[in-house]
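Asks: All I have is the shape, not the residue letters:
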């Protein structure tokens, strides 16, 4: 992508919604599979042909891990142990949260802004994330695809988000790292920003008049 992201006209925002993966929580399956396979080429092949994005999206939709793992093994029985690791070693795909991004979240929380999550995430692994990242307890509501059985960028999950936020779509600000998810939110009237890192997001939030001044990051929750 080239050029600057879309920045909506300043307006009243009554709820801020964060995606999780690669916004607040680094997630990269290759972080695990680089430990399992001897070559980058094998990692790339495995994540393209065996446990790929389309397969994982169905897990995020609510496909039970037991069934998803069995299906992948049926296609690639020689990769049985590596496929099982997708579940048994799932936490190794995660990284440390960016403190600058978490500070933005803290600023908004301390200012009293209602905060929500809209994330494609398995219902089975989300409790592990909650144990690893205490800031997930700061949110007023969670729309997790695996619990809803619907995923971004399908319109229904955004409609459910609007209901949970209990305010007009235009007063909801949604932040996501994928263009297609941002575009789907805008199609339903939600104010949405493409996440390009915490520094850019802080500037965008300030441009919308949101309370993310650096002095607030020093306070504790």
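Replies: Looks like it came in fine. Note that the structure is a prediction, hence the values are computed from the model and not measured. Residues are numbered from 1 along each chain as shown.

Asks: any idea what residue 116 is structurally, helix, strand or coil?
Replies: strand (DSSP: H, G, I helix; E, B strand; the rest coil).

Asks: so how many other residues sit close to it?
Replies: Around residue 116 there are 20 other residues, counting by other C-beta atoms under 10 Å. Where C-beta positions appear, they are placed from N, C-alpha and C, glycine not excepted.

Asks: Same check on residue 81?
Replies: By the other C-beta under 10 Å criterion, the neighbourhood of residue 81 contains 10 residues.

Asks: Now do it against residue 67, distance only.
Replies: 18 Å (C-beta to C-beta, to the nearest Å).

Asks: before we move on, what about residue 125?
Replies: For residue 125, the distance to residue 67 - C-beta to C-beta - is 15 Å.

Asks: Those two: which is more packed in?
Replies: The residue with more neighbours, out of residue 125 and residue 67, is residue 125; 18 against 11, by other C-beta under 10 Å.

Asks: For that one, which non-adjacent residue is closest in space?
Replies: residue 90 (5.5 Å; C-beta to C-beta, 6 or more residues apart in numbering).

Asks: wait, what's in contact with the one you found?
Replies: 32, 125, 128 (C-beta atoms under 8 Å, 6 or more residues apart in numbering).

Asks: Make TSV out of these and add distance to residue 47, pLDDT and secondary structure.
Replies: Output for those, formatted as TSV (distance: C-beta to C-beta, whole Å; pLDDT from 0 to 100; DSSP: H, G, I helix; E, B strand; the rest coil):
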residue	distance to residue 47	pLDDT	secondary structure
32	10	98	helix
125	17	97	coil
128	21	96	helix
